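> my questions concern the predicted model and sequence given below.
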Amino acid sequence: MGTTGTLGLGTSLPVLVGLVMLLGTVGTVLPGVPGPLVVWAAVFWWAMDRQTTPAWWLLTGATGLLLLNAAVQLLLPRRTRPRDATDVRRRALLFAGGTGILGFFLVPVVGVVPGFVGGIYGWERVRLGSHGAAAASTRTVMRAVGWRMLAELAACLVVAGAWLGTLIWA
């Protein structure tokens with residue numbers, strides 16, 4: 001469909017798709033935003049506009065990865081106590097999401113794990129003051145909601161990174 005695509009948006013379409021992917025990626029730690037679904041919808045929108053072989057392969061891979069993520073979510077233990085009981089603060093999870101995203105790009109792909117966990121630990125260390133209390137709080141947060149969020153965040157980041165790579169090199 002050329003450079004303008006079927007929507008006639010030209011070069012602004014990748015920017016809009018990237019913003020939707022960013023919303024979906026951040027949505028993994030925000031309540032009420034179905035992050036993986038938003039990221040998949042952005043890839044679908046882009047692939048429908050592009051209609052090239054790399055775009056279809058990316059859509060296929062993104063669909064498979066996000067479905068695998070949904071299956072993993074079913075295997076991970078659910079939060080057994082309310083969020084207040086585990087003292088999980090939304091700002092701490094947003095900070096951890098940001099450090100996870102930063103880690104993903106600093107140490108490609110695998111950096112999301114130490115970035116996310118390190119973000120929670122750093123937040124808790126500042127809040128609680130001691131290493132022991134921060135480490136115990138980090139373990140509690142990761143058991144309560146952290147592993148599920150980390151899995152979603154990692155899946156969304158891999159899809160977004162693959163889209164960016166396809167956009168640049170295909």
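Great, that's in hand. Since we're looking at a predicted model, the values are computed, not measured. Numbers count the residues shown, from 1 in each chain.
> was I right to think residue 115 contacts residue 101?
Yes: assessed by Cβ atoms under 8 Å, residue 115 is found in contact with residue 101 at 7.3 Å. C-beta here means a position set from N, CA and C on the backbone, and glycine is covered the same way.
> quick check: mean pLDDT of stretch 37-47?
Averaging pLDDT along stretch 37-47 yields 96.
> show me how far it is from its chain's centre.
Taking Cα atoms, centre = their mean, to the nearest Å, the mean C-alpha location of stretch 37-47 is offset from the chain mean by 14 Å.
> please give the element, helix or strand, for the residue positioned nearest the centre of the chain.
Per Cα atoms, centre = their mean, the C-alpha nearest to the average position across the chain is that of residue 153, at 2.6 Å. Counting by DSSP states H and E, the element that carries residue 153 is helix 147-169.
> quick one: contacts for residue 128?
Residues near residue 128 by Cβ atoms under 8 Å, 6 or more residues apart in numbering: 134, 137.
> any idea which helix or strand comes after the helix or strand bottoming out on mean pLDDT in the chain?
Within the chain, no helix or strand scores below helix 83-86, which has a mean of 48 by mean pLDDT, DSSP states H and E. Where DSSP H and E defines the elements, the next helix or strand beyond helix 83-86 is helix 90-106.
> quick one: mean pLDDT over that next one.
Averaged across helix 90-106, the pLDDT comes to 91.
> list the contacts of that helix.
Contacts for helix 90-106 (Cβ under 8 Å, 6+ apart): 25-26, 28-31, 111-120, 122-124, 127, 141, 145-146, 149-150, 153-154, 157, 161.
> ok, now how distant is residue 36 from residue 53?
24 Å (Cβ to Cβ, to the nearest Å).
> who has more neighbours out of the two?
Between residue 36 and residue 53, residue 36 has the larger neighbour count (other Cβ atoms under 10 Å), namely 24 against 9.
> out of the contacts of helix 90-106, which end up buried?
Taking 16 or more other Cβ atoms under 10 Å as the criterion, what is buried in the contacts of helix 90-106 is 25-26, 28-29, 111-113, 115-120, 122-124, 141, 145-146, 149-150, 153-154, 157.
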